[in-house]
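**Student:** sequence below, structure please.
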Amino acid sequence: MIQILLISILYFLLELEMLNILSIYIILTLSVLFSSIIYPTESALIPKLVNSKSQIARSNSLFQITYKGMDIVLDGLVGLLLSYLLLKNFLLINIIIFLLALFAFKMLKLPSKQITNEVTNTNHSPFFKTYMYDLKKGLKFISQKTILKLLIPLSIINLVITMISVVYPKISLNFGDNSYYYGLILFSNGIGIMIGLFISPKIINLFNFRNILCISFATIASCWLLILLILDNYFYIFLALLLIVNVIIGVINLSFITAFQVIPPKDLLGRVNTTNETLLSCLIPFGGLIGGILPDIYSDFKINFFLAFIICICISLFYYFDKDIKKIEKIENIERNDINV
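**Tutor:** The predicted structure follows:
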């Protein structure tokens, strides 16, 4: 509903010729802020809607593939539509799409016995007070030693991914045609993550969680090192290595999403997921900052890949040698006692 209101404001400002850069920034910031709220909710709902732990990974995979797939298809479609439609007509289409989504959510029926109210004592509290209450409860749960050992490296890898993505435009310019090569890089990212999400349920069911983490981060580190060596001359080999990296990132993402739907008690799922999203996102701005500054200091954007290689190999070794991580078996068999929660 809020998205519909924000896009409607954007439409009327455009229609009245009152639209400016500041209003666009404010509306888009609010739009991203409110759209981010739904992700912890969706993540908390999935375990409550499936019958067993073994189905959680498969359900997450289908959800994430649909989400990422729509992203890839619609990003391309948006570029095409903008070349044929006026911006205000495009905004009207957005309003209609959000209205359809609103009606679809209204029609969704959730079994009341499965969906518990996690904040009964804060139902009538102000939004900020409720958020801080949820954040505090989530922080208390994830402050367990083993949980932090899972979360902190994942937060660091988000920094690495952002740091690498900052130099994509420079890589594109290095090969001549900025838009063509940049488009191929983004396409490779999207397709890689989709493949990773598709194969993740099988991998999660077959392999020990610790082995998934160790091998995944070691492979990503190897790809960064190879990219560092070939990037100047072999764009399509770089693209293939980037595809492999994103396949593995898709596997890691789904593994962690599933793990944090299995580990917390059901009445804490929403709070834990909200806290996780907050912590996992906190280093992303620093990734952008570091990724932009380092190439200027060293006069070479490949420094970002070297740093990414060092970080990923350290994370892989950490997961391999850590005693608490060694205790974790397959994700679907994880019990809270296994991780001292």
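**Student:** C-alpha only now, for contacts and for neighbours.
**Tutor:** Noted.
**Student:** what's the local residue count around the residue lying closest to residue 102 once chain neighbours are set aside?
**Tutor:** Leaving aside its chain neighbours, residue 102 sits nearest to residue 1 (7.0 Å; criterion: CA to CA, 6 or more residues apart in numbering). With neighbours defined by other CA atoms under 10 Å, the count for residue 1 comes to 10.
**Student:** so where do the helices sit in the stretch 201-341 of the chain?
**Tutor:** Counting by DSSP state H, counting those that start in this stretch, the stretch 201-341 of the chain has helices at residues 209-230, 235-262, 269-281, 284-298, 302-321, 323-326.
**Student:** okay, these in a markdown table with mean pLDDT, distance to residue 186 and mean neighbour count next?
**Tutor:** Supplementary listing: the helices of the stretch 201-341 of the chain in a markdown table, determined by pLDDT from 0 to 100; distance: least, CA to CA, whole Å; neighbours: other CA atoms under 10 Å:
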| stretch | mean pLDDT | distance to residue 186 | mean neighbour count |
| --- | --- | --- | --- |
| helix 209-230 | 93 | 16 | 20 |
| helix 235-262 | 89 | 10 | 22 |
| helix 269-281 | 74 | 21 | 21 |
| helix 284-298 | 88 | 17 | 17 |
| helix 302-321 | 93 | 17 | 19 |
| helix 323-326 | 83 | 33 | 16 |
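**Student:** so how far is residue 141 from the closest residue to residue 2 other than its chain neighbours?
**Tutor:** If you skip the residues right next to it in sequence, residue 2 has residue 34 as its closest partner in space, 7.5 Å away by CA to CA, 6+ apart. Applying CA to CA, to the nearest Å, the value for residue 34 to residue 141 is 25 Å.
**Student:** same deal with residue 213?
**Tutor:** As judged by CA to CA, residue 213 and residue 141 stand 22 Å apart.
**Student:** helix or strand with the lowest mean pLDDT in the protein?
**Tutor:** Taking all helices and strands of the chain together, the one with the lowest average confidence (mean pLDDT, DSSP states H and E) is helix 53-82, at a mean of 65.
**Student:** right, and the helix or strand after that one?
**Tutor:** From helix 53-82 onward toward the C-terminus, using DSSP states H and E, the following helix or strand is helix 87-107.
**Student:** which residues are in contact with that following helix?
**Tutor:** Among residues not part of helix 87-107, those counted as contacts by CA atoms under 8 Å, 6 or more residues apart in numbering are 1, 3-4, 7-8, 10-11, 14-15, 81-82.
**Student:** the same query, at a cut-off of 7 Å, please.
**Tutor:** Applying CA atoms under 7 Å, 6 or more residues apart in numbering, the external contacts of helix 87-107 come out as 1, 4, 7, 11, 14.
**Student:** list the contacts of the residue most central in space within the chain.
**Tutor:** Against the mean C-alpha coordinate of the chain, by CA atoms, centre = their mean, the closest residue is residue 253 at 7.3 Å. Contacts were defined as CA under 7 Å, 6+ apart; by that measure residue 253 touches no other residue.
**Student:** any idea how far it lies from residue 21?
**Tutor:** Spatial separation of residue 253 from residue 21 under the definition CA to CA is 35 Å.
**Student:** what's the pLDDT at the residue nearest to residue 102?
**Tutor:** The per-residue pLDDT reported for residue 1 equals 72.
**Student:** any idea how far residue 14 is from it?
**Tutor:** Note on residue 1: its distance to residue 14, by CA to CA, is 20 Å.
**Student:** likewise for residue 166?
**Tutor:** Using CA to CA, we find residue 166 at a distance of 31 Å from residue 14.
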